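In: how would this look folded up:
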Amino acid sequence: MITIHKFNEQGELSPLPSDSIHDLQLNNEGNSGAGLIWIDLEKSTIQEDEIIFKKVFPVHKLTLEDISYLRDVNKKPHLPKVEEYPTYLFLILNPLCDDFQHATQVLDLDHATTQLSVFISPKLLITHHLGSLVGVREVMTYLERHALKPHHGSDFVLHLIMDGIIDRYRPLLDSLEEHFNQLEEVVFVAPEKSKLQDLIGLKRVINVLRKTLVHEKEILFRLGRGEFQVIGETRTIYYRDVYDHAARFIEAIENNRDMVSDLLQAHLSSSSNKLNEVMKVLTIISILILPMTVISGIYGMNFEHQPEVHWQYGYPLALFLMFLTSFGSYRFFKFIKWI
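Out: Residues are numbered from 1 along each chain as shown. Okay, here's the model as predicted:
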C-alpha cells in the first residue's frame, strides 16, 4: 500500500491521492519543510516497489536488493546500516515488531524485530516496511497535528522516526528487568527446567537486541557528527540526543546480560546443590542398608556346618545385629553432622 503526504507552505501535513504518484514534482532544492513529500510503503507489492523505485525515484540496484531482503520468509531483517548515494541517503533500521510479546515467555526471535528502509533527500522521504509499524504511524499522526517549522525538513522527520524507534526499547527493557527479578526469586527457591529454558531464551533475545542497538548507535553517531550532506548542521544535535538514548539503553542491556549470566550460574549451582542433596540421602540409605545386606548374605549361605543356623536364638540374633549396625551407622552420621 502506497501512502503519499505533502507538507504545504505552512508546514502542515496533508494526504495526496495515491493516483497522483506519477504527477509528483520532486524538487531537491533547499531543505525546508515546505513542499516536502513523504511516501510510505506499507506491505507494498513488488509492482508498487517497481513504480516507486524504478519510475518515480530510481535507486541503485543494490538498494533494491536490500529493501526486498525480507520478502524471503526464511530471512531475518537486514542489520542496520547507512549508505550515501549521489541523490539520496539510504538507511536500514530494525524497529521492534508491533506484536512483540516481551518478558512473558521465551521470545520468538524470528518476530522480535523487523526491517524499516528509509530514503531521504532534501525534499523527499520514503519509508518502506513489509509490516505495520506503530512508530511510523505515530510520527505521521504527530505531524498531522503539529506543523513543521520552516527550517525543519526531511532530516528532522527522519530524526522523529529514529527517536520513536529507539524509545520503544524503554518499556521492553523495564519489563525484562522486572521479569529478571521474578526469575531471581524462583531460581533460588525452586529451580526448574522450564526456568532454565526461559533464561536461555532471554539471553538470546538480549544478544539480538544488543546487536541491533549497537548498529543503530553507530548510525546515529555518523548522523550526529554531520557526516552526510542531506543532514543539516543545525539538526545534528537532535541525532546526538537520540544517540545518548541508544547509549543508555545499550548500557541497560549490558546490565541485563550480566544479570542473565548470573541467574544461569545461580540456576545451575542451585540445581547441582539439589542433586547433591538427593545423592547424599541415597548414599546414606545405601550405607545404612549395607550392614544388613552383609549379615543376611552371611547367614544366607547354604553351608552344612553353620552353628547359628540350628541355634534357637540364631534368627533373633541376626535381626539384632542388623538393627545394631544400622542404628550405629545412623548415630555416627548424626555425630559428624552428615544428616
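In: use CA for all of it now, contacts and neighbours both
Out: OK.
In: How many residues are close by residue 125?
Out: 22 (other CA atoms under 10 Å).
In: show me the contacts for residue 222.
Out: residue 228 (CA atoms under 8 Å, 6 or more residues apart in numbering).
In: So for it, what's the pLDDT?
Out: pLDDT for residue 222: 89.
In: And it, how close does it get to residue 62?
Out: Distance from residue 222 to residue 62, counting by CA to CA, to the nearest Å: 21 Å.
In: Next: residue 229.
Out: Remark: distance between residue 229 and residue 62 (CA to CA) = 21 Å.
In: Give me the more crowded residue out of the two.
Out: residue 229 (13 against 8).
In: what secondary structure does that one sit in?
Out: coil (DSSP: H, G, I helix; E, B strand; the rest coil).
In: so where does the residue most central in space within the chain fall, helix or strand?
Out: The C-alpha lying nearest the average C-alpha coordinate of the chain belongs to residue 205 (CA atoms, centre = their mean; 3.1 Å). Following DSSP states H and E, one finds residue 205 within helix 193-224.
In: Could you check the angle whatever helix or strand comes next after that helix makes with helix 193-224?
Out: Going down the chain from helix 193-224, the next helix or strand is helix 236-299, by DSSP H and E. Angle, helix 236-299 to helix 193-224, by axes from the mean of the first three to the mean of the last three CA atoms, to 10 degrees: 160 degrees.
In: if we can go back for a sec, tell me how far the residue nearest to the centre of the chain lies from residue 170.
Out: According to CA to CA, residue 205 and residue 170 sit 15 Å apart.
In: do residue 221 as well
Out: Distance of residue 221 to residue 170, computed by CA to CA: 20 Å.
In: These two: which has the busier surroundings?
Out: residue 221 (18 against 15).
In: Tell me the spacing between the more buried one and residue 116.
Out: 19 Å.
In: Is it correct that residue 116 is in contact with residue 97?
Out: No. Using CA atoms under 8 Å, residue 116 is not in contact with residue 97, being 10.5 Å away.
In: Tell me which of those two has more neighbours.
Out: Neighbours per residue, other CA under 10 Å: of residue 116 and residue 97, the larger number sits with residue 116, 23 against 17.
In: Would it be right to say that residue 117 lies in a helix?
Out: No. Read with three-state DSSP, residue 117 is strand and lies in no helix.
In: For it, which non-adjacent residue is spatially closest?
Out: Nearest non-adjacent residue to residue 117, counting by CA to CA, 6 or more residues apart in numbering: residue 92, 4.6 Å away.
In: between the helix or strand encompassing that neighbour and helix 193-224, how big is the angle?
Out: Using DSSP H and E, residue 92 sits within strand 89-93. Angle, strand 89-93 to helix 193-224, by the same axes, to 10 degrees: 170 degrees.
In: Okay, now the sheet partners of strand 89-93, with direction.
Out: Note on strand 89-93: by DSSP bridges, its sheet partners are strand 81-84 (antiparallel), strand 116-121 (antiparallel).
In: Could you identify which of those strands is most buried?
Out: Highest mean neighbour count of the strands paired with strand 89-93: strand 116-121, a mean of 23 (counted as mean count of other CA atoms under 10 Å).
In: Can you tell me how far residue 248 is from residue 173?
Out: 11 Å.
In: cool, and residue 46?
Out: 36 Å.
In: Looking at these two, which is more packed in?
Out: residue 173 (20 against 10).
In: What are the contacting residues of the helix or strand containing residue 332?
Out: Using DSSP H and E, residue 332 sits in helix 314-335. With contact meaning CA under 8 Å, 6+ apart, helix 314-335 is reached by 287-289, 291-292, 295-296, 308-309, 339.
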